[in-house]
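Student: Here is a sequence with its predicted model. Questions after.
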Protein chains: 2
Amino acid sequence: MRSRARRGPYICGIDAAMDVVSGKWKSLILWELDNYGLRRYGELRRGLPGVSEKMLIQHLREMEEDGLIHREVYREVPPRVEYSLTEHGKSLNEALRPLGVWGRERCERLAAEGARVSA
Amino acid sequence: MRSRARRGPYICGIDAAMDVVSGKWKSLILWELDNYGLRRYGELRRGLPGVSEKMLIQHLREMEEDGLIHREVYREVPPRVEYSLTEHGKSLNEALRPLGVWGRERCERLAAEGARVSA
DNA sequence: TTCAATACTCACTATCGGGTAAGTATTGAC
DNA sequence: GTCAATACTTACCCGATAGTGAGTATTGAA
């Protein structure tokens, strides 16, 4: 299998950041973990409606490998695994904030356009 | 053909911004146009070593449709077409800046790691 | 004995982004 | 008549990304 080929060389900072954050659910995982602090696998799955189990663990593994999140396993039955953000994950989330603001403004523009069109 | 299906609905601002900026060369195109102000098609192609003509115009068309760039055609022979950033494009570039900084720090971390490993 | 609960793991398939390479249109210079 | 220069356009292919659905391991409860 082995996804994850990149990890550089990168042509610029944006490229390096994108490599880590590109993936259908990664920014949402980042947001969930930032919002809740600590999240079990099943909680994440239920918190991201539509995510497949395969993609969820694949993304979690890659983000762990990239040093964005921490994975804590409790040897219990039934098993318990808790995910949280590392410092790098937190700072990435901060760095994404302006982009989120820009995106929300874009949404508003699109909504306004749509309203004008459908009027 | 028709790429470009999204344009919402988006689940959050990051999602909306990512939809617009995801594409192998888009952030670089943004940077080129921000850096030079005005850029012809051929200049962009030469400024982005490795880009294929197909991907370049595809990205340019999508970015124009998304309101990020302006396309000015001069009816001359041989033809001349100049691209530039719109206000939205400029603000997107601003919003991407912290991400670029984060990415550069990540590059430095990776380099340090690599140095330690190869030592 | 069977089931529930949790967190995966695996095989198969489909879709999409991107690469390659050739072709188009226009007109002035040679 | 042919070529150069520019900005595309088109057809075909490939690999990466993502979806589907079934299977695994453990142990306490019913």
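Tutor: Thanks, I have it.
Student: so for the longest helix along chain A, what's the average pLDDT?
Tutor: For chain A, the helix with the greatest residue count under DSSP state H is helix A:87-118. For helix A:87-118, mean pLDDT rounds to 93.
Student: ok now that helix, how far from the chain's centre?
Tutor: Centroid separation for helix A:87-118 versus its chain: 15 Å, with C-alpha atoms, centre = their mean, to the nearest Å.
Student: Can it be said to contact chain B?
Tutor: Yes: judged by C-beta under 8 Å from any C-beta of the partner chain, helix A:87-118 comes into contact with chain B through A:88, A:91-92, A:94-107, A:109-110. Just so you know, the C-beta spots here come from the backbone N, C-alpha and C atoms, and that holds for glycine as well.
Student: Strands of chain A, residue ranges please.
Tutor: Applying DSSP state E to chain A gives strands spanning A:39-40, A:69-74, A:80-85.
Student: okay, those in a markdown table with distance to B:P9 and mean neighbour count next?
Tutor: Output for the strands of chain A, formatted as a markdown table (distance: least, C-beta to C-beta, whole Å; neighbours: other C-beta atoms under 10 Å in any protein chain shown):
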| stretch | distance to B:P9 | mean neighbour count |
| --- | --- | --- |
| strand A:39-40 | 25 | 18 |
| strand A:69-74 | 27 | 14 |
| strand A:80-85 | 27 | 18 |
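Student: In TSV, list those strands along with distance to chain B.
Tutor: TSV is the format used below for these (distance: least, C-beta to the nearest C-beta, whole Å):
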stretch	distance to chain B
strand A:39-40	17
strand A:69-74	15
strand A:80-85	14
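Student: Just the buried positions in the longest helix of chain A, please.
Tutor: Within helix A:87-118, the residues scored as buried using 16 or more other C-beta atoms under 10 Å in any protein chain shown are A:88-89, A:91-93, A:95-96, A:98-100, A:102-107, A:110.
Student: go on, stretch A:20-30?
Tutor: Buried, per 16+ other C-beta under 10 Å, within stretch A:20-30: A:20-21, A:23, A:25-30.
Student: Chain A against DNA strand C: which residues are in contact?
Tutor: A:1, A:40-42, A:53-54, A:57, A:60, A:71, A:73, A:77-81 (C-beta under 7 Å from any atom of the strand).
Student: and the two most separated of the residues you listed?
Tutor: Distance extremes for those: the farthest pair is A:M1 and A:V77 at 27.4 Å, using C-beta to C-beta.
Student: wait, doesn't A:G100 sit right on B:A17?
Tutor: Yes: if you go by C-beta atoms under 8 Å, A:G100 and B:A17 touch, sitting 6.9 Å apart.
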